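**Q** Provided below for reference: sequence and predicted model.
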Amino acid sequence: MNENENKLEKQPQRTNESSVDVSVPMDEQPETQVSSPAPEEQADATTQASAGISAEETPVEAPSAEAPAAEVSTETPPAESVEASAEAPAPESPSPEAPAQKNESEPPVTPPTFGSTAPPVPPVPPVGSIYAQPMRASNTPPAGYPYTPPMGGPRPIAPPPPAATYRWTYADQKAHDGAENKKRRSRGLLIYALVMTGVFALSFGLLLGTMLMKGGEFPTIQFSESVTNENGEIIPTTDYADAVNIEKAKQSVVLIEVTTPDGGGSGTGIILSEDGYIATNHHVIEDGTSIRVKFYDGSYATAYVRGSSAVDDLAVIKVDRTRLTPATFAHSSDCFVGQTVYAIGNPSGAEMAWTTTKGCISFVDRELKIYKDDGTLEKKLKMIQTDAMVNPGNSGGPLVNTKGEVVGIVSMKLADGYEGIGFAIPSDGASEILNAIIRDGNADNVNSNVSYERPVIGITGVYMEGGRHYVFEEDKIAEVTESYAEENPDMVISPAVSGIYVSALTEGMDAAGKLMVGDIITAINGVEATNMNVLMNEINEHYVGDDVVVTYYRNTIYTDVTITLCAATE
């Protein structure tokens, strides 16, 4: 081995963490194909020899086939080494006159000849260049690599590019895509936040600049100017005038709290006089054991019942107070549909005391039929219908016009899902009842035009179908068979025609002198009596004192008779 080769073997190998070992183990080293050099390579060797290049300057030793492959580091040498290699002067070529000196201690290097078993010599890169061997995906170097750098110092080798990253499972690919999407979303949100911040800052800057240009003035709410007369006095609007009158009317409205055996309740009342008479509904004070009144000024007083009329749903209570503010009444007969009215009351008790709602009169003289639990008519009422909202607790309170005058006393509302349908007792009829109660303690002698007692014809009857057989058992009627009727003819009733069988007459009424037990009423005012409801409905359309024509069947003869309706008695 010559001196230069010894220098190559003793040269320290550079290592660091980034270097890549691309050497191939002996057991995995692919077989080196031995081929003879091409004619071009022989020509190159001949040319070098003829040019006078000595073996000492370009020593190249052909490695044997049995020699192990040298291990080459791909670490990039320091910059100083590269610069030193580039700046080193090239060896001068010997002149033709000066023959090259030969080192006797080194054996001559014989270039490979055609047919030799030595592998071809890799091409030597020019001095100062960086040799870069491409990296394969499998990290397997090509045949003939690595190689021993030529004389003149080690040649720097550039680091290979990083191998491509492959994801061989769907889960890995999905995780990678999710991470990329998350990054993109984060970037999108950041950009959006920056844009919105810029827009906000720009808007705020424009607003601030506008205000500064106007002397720092901020926009304020504008109010309309009040209308005044030539003296500077405010001319009130229609709504303002109504409010003044309603406020005055509230001073005549009270809260009534009633204690009953079952608990108690509350309602509303209207002051009738300065000395403490107060009007309300009968159902407000019914069954009350104690009554307390709260006035508009917040004071309280204990009250007692002066009297009431259940049929009219009116009552009067009395408190020991003086100098109260009585309400002013107006004639309900002057009311008209569409007239503006206000309801003042205490819905839900003291928490909502003196609540005022606005509406109009929806109907004048609305007739309401009040029925008992058994379905029979109890009474009829003539009421003012309004859409002013009323609720439990408004009972007994006033319905006033725009002047604050009472035109009705709130009594009830249509429930079961209906809204805006309330009713008030007309002031004309109510005042007559209330005066009678104050005077007499009751209204028994008053022919009220507010409530109307249930009119009756004065008989007790039951519907029977002709050709069948019936018997009475404990005030009830039952149908029997024909054989039973033949065996008990005195106990069985066998009407020849269908109709209302008269089983009893009310003494003192008009029908008692014109009908008999056993008569069968077949019609009333020409309406066929197919059942008891038809007869009652026809009578309920009339009032006490009206005349009706009754057709009855007796002894195979039909007869018409006029009967005057009377008031029902309990």
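**A** Received it, and whenever you're ready, just let me know what you need. Predicted model only: the values in this text are computed from it and were never measured.
**Q** got a list of what Asn540 touches?
**A** With contacts defined as Cβ atoms under 8 Å, 6 or more residues apart in numbering, Asn540 is in contact with Lys369, Leu377, Lys380, Arg454, Pro455. The C-beta positions use only the backbone N, C-alpha and C, and glycine is treated the same way.
**Q** can you get me a residue count around the first one?
**A** Here the neighbour count serves as a burial measure; for Lys369 (other Cβ atoms under 10 Å) it reads 14.
**Q** pretty sure it is touching Leu377, no?
**A** Yes: using Cβ atoms under 8 Å as the test, Lys369 is close enough to Leu377 to be in contact (6.0 Å).
**Q** one step back: counting neighbours, which of the contacts of Asn540 comes out on top?
**A** Neighbour counts for those, by other Cβ under 10 Å, peak at Arg454, which reaches 24 neighbours.
**Q** any buried residues in the longest strand seen in the chain, and which?
**A** Among the segments of the chain that qualify as a strand by DSSP state E, the longest is strand 355-371. Taking 16 or more other Cβ atoms under 10 Å as the basis for neighbour counts, the residues of strand 355-371 that come out buried are Thr355, Thr356, Thr357, Gly359, Ile361, Ser362, Val364, Arg366.
**Q** other residues contacting that strand?
**A** When contacts are taken as Cβ under 8 Å, 6+ apart, the neighbours of strand 355-371 outside the stretch itself are 246, 250, 335-347, 377-390, 394, 412, 420-421, 423, 426, 540.
**Q** one more time with 6 Å, if that's ok
**A** Strand 355-371 has contacts (Cβ atoms under 6 Å, 6 or more residues apart in numbering) with 246, 335, 337-344, 347, 377-383, 385-389.
**Q** again, but for stretch 543-561
**A** Taking contacts as Cβ under 6 Å, 6+ apart, the residues outside stretch 543-561 that touch it are 452-453, 455, 497, 514, 519-525, 562-565, 567.
**Q** got the buried residues for stretch 249-265?
**A** Counting neighbours by 16+ other Cβ under 10 Å, one finds that the buried residues in stretch 249-265 are Ala249, Lys250, Gln251, Ser252, Val253, Val254, Leu255, Ile256, Glu257, Val258, Gly265.
**Q** before we move on, what about stretch 322-335?
**A** Within stretch 322-335, the residues that count as buried by 16+ other Cβ under 10 Å are Leu324, Thr325, Ala327, Phe329, Ala330, Ser332, Cys335.
**Q** check which helix or strand Ile563 maps to.
**A** Using DSSP states H and E, Ile563 falls within strand 557-564.
**Q** also Glu507?
**A** When secondary structure is defined using DSSP H and E, no element contains Glu507, which sits outside every helix and strand.
**Q** how far away is it from Cys566?
**A** When distances are taken as Cβ to Cβ, to the nearest Å, Glu507 and Cys566 turn out to be 11 Å apart.
**Q** let's verify Leu434: helix, strand, or coil?
**A** helix (DSSP: H, G, I helix; E, B strand; the rest coil).
**Q** so what's it up against?
**A** Neighbouring residues of Leu434 by Cβ under 6 Å, 6+ apart: Ala279.
**Q** return the alpha-carbon coordinates of the following helix or strand past the longest strand of the chain using PDB.
**A** Of the helices and strands lying after strand 355-371 in sequence (DSSP H and E), the nearest is strand 377-386. This file holds the C-alpha atoms of strand 377-386, laid out as PDB (Å, rounded to 0.1, in the frame of the first residue of the first chain):
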ATOM      1  CA  LEU A 377    -133.400  27.500  34.100                       C
ATOM      2  CA  GLU A 378    -132.800  29.500  37.300                       C
ATOM      3  CA  LYS A 379    -133.100  33.100  36.000                       C
ATOM      4  CA  LYS A 380    -132.400  35.400  33.100                       C
ATOM      5  CA  LEU A 381    -130.400  38.600  33.200                       C
ATOM      6  CA  LYS A 382    -130.100  41.600  31.000                       C
ATOM      7  CA  MET A 383    -126.400  42.700  30.900                       C
ATOM      8  CA  ILE A 384    -124.000  45.100  29.200                       C
ATOM      9  CA  GLN A 385    -121.300  43.100  27.300                       C
ATOM     10  CA  THR A 386    -117.800  44.600  27.100                       C
END
